[in-house]
Structures are given as structure tokens and as C-alpha cells.
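Undergrad: sequence and predicted structure are below.
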Amino acid sequence: MARDTIDTTPVSGVSELAATLEAGCKPESDFRIGTEHEKFGFNLSDNSPIPYEGPRGIEAVLTGMEKLLGWERIEDNGLIIGLADPVGGGAISIEPGGQFELSGAPLENLHQTCRETNCHLAQVREVAEPLGIGFLGLGMTPNWSREEVPVMPKSRYQIMARYMPKVGTLGLDMMFRTSTIQVNLDFSSEADMRRKMQVSLALQPVATAIFANSPFTEGKPNGFRSFRAEVWKDTDNNRSGNLPIAFDPGFGFEAYVEWALDVPMYFVKRGSTYYDVTGTTFRAFMNGALKDTVPDGLPTIGDWNNHLSTLFPDVRLKKYLEMRGADGGPWRRICALPALWVGLLYDQGMLEQAEEMVRDWTQEERDGLRNDVPREGLATRFRNRTVLDLARDMVALSREGLKRRARLNDGGQDERVHLAAVEETLASGMSPADVMLARYEGAWGGDLSRVFKDYAY
């Protein structure tokens, strides 16, 4: 998220917190698509990571984008950390290691999404190239060590970086060396949220396999198709994972709240100051645990919204659902990821068929998929089939859903055109990681610097 919220409305109880989620319910005619993608900045001269400060750093790129776009400046302790579009609702932000993120505006169709992506990448290039900076679309930095990656000056990240080693071995890698594409989608009711949550949680590993794009670490193959997905398995299991409670028959807004209340917090923000409250749950905060630690030491709706943004299940619930399973990738895949999920979840008929597809999967099987896909990718076995078979079934449903939506571009094409990159993967049986590994062993001759040429935007 681009900006931590400061809503000072006091929190009175669980039902009020659940109401903040329920407020996202809207009629299908108002459903929108919000696409986010991250990318790594690098020096064109030597492929090294770029710092925050200096004439050729993230700060300079953000300042250049501010001048180009006229968006509102977002600051932390006087330093620019992002930009917000006051008209369309989009935002630009930086992740802990300088990953440059576009949080797209809520749009009506995928043609608009792809146009937004193309415009953004062109604008970033216009600002960055004169500075000698390029941007790379991958799921994980291919050759930088954790120590080489710069640290961005955002207060919340300093708190997270201190806490991560206490709760997992790979949390700092998640923060500083991974990158994602994500789509945010709407629901019409609690029941609709539940159905979409269950389907998308079950199928998130399949999407991970389709978009797997992080097979290198520190200059050599790491043995995984999506090392980014592997990293999430040991980041902080209190707040990440495939959320088994979502498959309970009565799962709803209050159940998600009850889970979130017992996840330790990272911070509380008062004014411009971030207070480190790691280890304290939101439930304890509601019961007065921080009265002597934080000014006005009882929680607000702003505190709750900030806490929700620090939860990392494979599908995250806010006033919408966030699909979080895909690696970062080339620009065509930025359009393809939302296309996959929109076709599957925004048509009732296809959603019903997807429900049927995953209905009898057990929690053990869902865990197995999530555990095995990072290494095996599309070749992962599931019952007597492979994840590639599941992916073909999933994409077939998505194609039909996009066809039935019948949203046409100026050339008369419907939204299925944006699935092209995914369909190439299914036709070849090779994920982006498989393709990259083949190039590394073949045309690149083991020269990983080629990735900065072939996969830059």
C-alpha cells in the first residue's frame, strides 16, 4: 500500500471491525480491477542495484515522476517515498529494497488495465533512462546478495526488518529481494467473498506455477521455479499461508477478523511517528496493552487498516480480495495475471465450475500443492495429474469467463487477448522460469547478466 492510514475513529469491538470489511460489498455492475506490479531498478552500466539517494537513485526517479505526472507527493520524515494520483486513485510506492511499485487505479476492464501498465512503464522509462537506470521484471533479484540491496527510508520497513529474523529465516529475502504481480478484485456479499476466497486460495499455487519466474539466486540456479514462493514458506507463518480457516463452512468477515486479531502487529502510527509494537496482537491492543507505550494508546480504525496491510495470506481480505501468488514478470504478464483471475471469478458460471474443480480437495492436498509448486512448478504432481493439467483447466474456465464478459477494445477484441502470455506457457509446458533456465544453459552460456537485457522493461 502506498500510504498508511490515519483514521482516528475509535474501535469498539469485533463487529465494528468486521463492518470495515463488509463495507467492500458492492453490486456486480460496480466491480473493478486493481492491478499492482513491482520491479527492480538497476544501473544500466553494470547491472548493480540503485540506491535511494543521489542523482541516480530511487529518490531521483520518484521526483522525476512527480514532475511528469503532477501526482501528490507521499513523504516519510521529509523524504519522498511515493506518489498518489488524486484523480484516478492509483499510486506509486517503493518496497523495502527499492522495488518500484505501481498500485493501479480501480478500472472497469482489462484493456484499461493493460493501457495503464503500458503508460506507466513508458513514463518510468522516460524518467529513468536519462539517469542510466533500467527496471527488471522478475520474481527475485537474480544475482544480488541481500547485503548489496539498498534499504529504503520508510519507517515501517525498519520495524519489519528488525522483527523478521525473529519469526522466520527468509523474511528479509521477502522484503528486499522479491517482486510480485497482484490483482485486487471485488465481492458482492459475504457469501460471494467466501466463494472467491476459497477458490482463489485453492488455485493460488497453480497461478504460482504458471507465473513462476525466480529460478536464480546470487548468480546461479537455486533449484526452484519460484524461489519467491519458497521464501514465503518461511517468512512469518503467523501471518502468511493458505489460511485454512477460510475453508470452514461458516467463514466470513468476523472469522477473518478473529484470525487477524491474534496476529502480532508491526507498528502503530501516531502523527508522523511509527511506534514499534512487534509481538503485541491487535486483540491485546484493544484490551489496553499499549496504553503506556503509544500516545492515545487505544486502537483506531486507522490502526486496524494498517494492521490489515501487514497480513500476508496467499489471498488477503480487505474491502476487496488480493491475489498474491504470482512472481513479477515481463509486461505482458502484468496484463495476463489479472486476466486469469477476472475470467475465473467475475463470471458466476465460471466461478461455480471452479468451485466444483476444487470442492473435494483436502487441506492436506492444498498444503501439498503450496509446498511442492515452488520447486517443481508445472510438473508438480496432484492426484493422478500434474499442475500443468490443472492450469489448463483453470485457464479454460478463465477464457470462457472473459468471453462472456464481452468487453471489447477498439479493435473489436475481447479480454481473452490478455491471456496470450499464459496460453503460450500452457502450450509449451514451460513456465517463465523454465524458459529462463533453458536460455541460461543454452544461448546465454551461463552468463546471467543477459537477464538484465532480455527481461528489462
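TA: Perfect, thanks for sending it.

Undergrad: outside of the host helix or strand of Met323 itself, list whatever touches it.
TA: Assigned by DSSP states H and E, Met323 falls within strand 321-327. Outside of strand 321-327, the residues within contact range by Cβ atoms under 8 Å, 6 or more residues apart in numbering are 138-140, 178-187, 193, 196-197, 200, 204-205, 207-208, 210-214, 226, 228-229, 312-316, 333, 337, 341, 432-433. C-beta coordinates here come from the backbone N, C-alpha and C atoms, glycine included.

Undergrad: same check, this time on stretch 279-299
TA: Counting by Cβ under 8 Å, 6+ apart, 10-11, 260-265, 268, 270, 275, 277, 303-304, 307 sit against stretch 279-299.

Undergrad: pull the most distant pair out of the residues you listed.
TA: Pairwise distances across those (Cβ to Cβ) peak at 23.2 Å, for the pair Asp262 and Arg270.

Undergrad: who has more neighbours out of the two?
TA: Neighbours per residue (other Cβ atoms under 10 Å) separate Asp262 from Arg270, with Arg270 holding more: 17 against 11.

Undergrad: host element of the closest residue to the more buried one other than its chain neighbours?
TA: Distances taken as Cβ to Cβ, 6 or more residues apart in numbering put Pro295 closest to Arg270, at 5.0 Å, once the chain neighbours are dropped. For Pro295, there is no host helix or strand (DSSP H and E).

Undergrad: cool, Asn184 as well?
TA: Secondary structure from DSSP H and E places Asn184 in strand 180-185.

Undergrad: continuing past that strand, what's the next helix or strand?
TA: helix 190-210.

Undergrad: got a list of contacts for whatever helix or strand comes next after that next one?
TA: On the C-terminal side of helix 190-210, the nearest following helix or strand under DSSP H and E is strand 216-217. Strand 216-217 is contacted by residues Met140, Pro142, Asn143, Asn222, Phe227, Met436, Tyr440, Leu448, Val451 when judged by Cβ under 8 Å, 6+ apart.

Undergrad: all strands for the stretch 301-450 of the chain, in order.
TA: 312-313, 315-317, 321-327, 381-382, 385-386 (DSSP state E, counting those that start in this stretch).

Undergrad: so of those, which one's packed in deepest?
TA: strand 321-327 (a mean of 26; mean count of other Cβ atoms under 10 Å).

Undergrad: which residues touch Gly429?
TA: Counted by Cβ under 8 Å, 6+ apart, Gly429 has contacts Leu378, Leu388.

Undergrad: distance of Glu423 relative to Gly429?
TA: The spacing between Glu423 and Gly429, counted by Cβ to Cβ, to the nearest Å, is 12 Å.

Undergrad: how about Asp236?
TA: Counting by Cβ to Cβ - Asp236 and Gly429 are separated by 34 Å.

Undergrad: and the pLDDT at Phe40?
TA: In this prediction, Phe40 carries a pLDDT score of 98.

Undergrad: for it, which non-adjacent residue is closest in space?
TA: In this structure, Phe40 finds its nearest non-sequential neighbour in Leu136, 4.5 Å apart by Cβ to Cβ, 6+ apart.

Undergrad: for that neighbour, grab the count of nearby residues.
TA: 22.

Undergrad: what does Arg404 give?
TA: Counted with other Cβ under 10 Å, Arg404 comes out at 14.

Undergrad: need phi/psi at the residue nearest to Arg270.
TA: phi -60, psi 140 (degrees, to the nearest 10).

Undergrad: confidence score at it?
TA: At Pro295, pLDDT is 93.

Undergrad: do the same with Met1
TA: For Met1, the model assigns a pLDDT of 46.

Undergrad: now do the helices in the stretch 151-300 of the chain.
TA: 155-167, 171-177, 190-210, 227-232, 253-261, 282-286 (DSSP state H, counting those that start in this stretch).

Undergrad: check contacts around the residue nearest to Phe40.
TA: Lys39, Phe40, Gly41, Phe42, Val451, Phe452, Tyr455, Ala456, Tyr457.

Undergrad: in strands, which of the residues you listed fall?
TA: Lys39, Phe40, Gly41, Phe42 (DSSP state E).

Undergrad: closest to Ile94 out of those?
TA: Closest to Ile94, out of all of those and judged by Cβ to Cβ, is Gly41, at 9.3 Å.

Undergrad: wait, what's in contact with the closest one?
TA: Pro49, Ile50, Ile58, Val61, Gly98, Phe100, Ala128, Ile133, Gly134, Phe135, Leu136.

Undergrad: per-residue pLDDT, the residue lying farthest from the centre of the chain?
TA: Distance from the C-alpha centroid of the chain peaks at Asp292, with 35.0 Å (Cα atoms, centre = their mean). You'll see Asp292 listed with a pLDDT of 94.

Undergrad: and it, how far is that from Val277?
TA: Separation of Asp292 from Val277 (Cβ to Cβ) stands at 12 Å.

Undergrad: got any ranges where this structure has weak pLDDT?
TA: 1-5 (pLDDT under 70).

Undergrad: and if we set it to 80?
TA: 1-6 (pLDDT under 80).

Undergrad: go ahead and confirm Gly104 touches Gln112.
TA: No - contact criterion Cβ atoms under 8 Å: Gly104 and Gln112 do not qualify, at 9.1 Å.

Undergrad: spatially nearest residue to Glu230, not counting backbone neighbours?
TA: Among residues not flanking Glu230 along the chain, Pro374 sits closest, at 3.9 Å (Cβ to Cβ, 6+ apart).

Undergrad: and that neighbour, how many neighbours?
TA: 25.

Undergrad: for it, give me its contacts.
TA: With Cβ under 8 Å, 6+ apart, Pro374 has these contacts: Thr208, Ala212, Phe224, Arg225, Ser226, Phe227, Arg228, Ala229, Glu230, Lys233.

Undergrad: do you know how far it is from Pro313?
TA: From Pro374 to Pro313 the distance is 16 Å (Cβ to Cβ).

Undergrad: picking up where we left off before, select only the buried ones of the contacts of strand 321-327 in PyMOL?
TA: Those of the contacts of strand 321-327 that count as buried under 16 or more other Cβ atoms under 10 Å are selected in PyMOL with:
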select buried, resi 138+139+140+178+179+180+181+182+183+184+185+186+187+193+196+197+200+204+205+207+208+210+211+212+213+214+226+228+229+312+313+314+315+316+333+337+341+432+433
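
Undergrad: can you redo the contacts of Pro374 as a markdown table with distance to Met357?
TA: Formatted as a markdown table, the contacts of Pro374 follow (distance: Cβ to Cβ, whole Å):
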| residue | distance to Met357 |
| --- | --- |
| Thr208 | 17 |
| Ala212 | 21 |
| Phe224 | 26 |
| Arg225 | 22 |
| Ser226 | 22 |
| Phe227 | 28 |
| Arg228 | 25 |
| Ala229 | 21 |
| Glu230 | 25 |
| Lys233 | 24 |
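
Undergrad: just curious, which of the residues you listed is nearest to Trp361?
TA: After measuring those against Trp361 - Cβ to Cβ - the closest member comes out as Thr208, at 15.7 Å.
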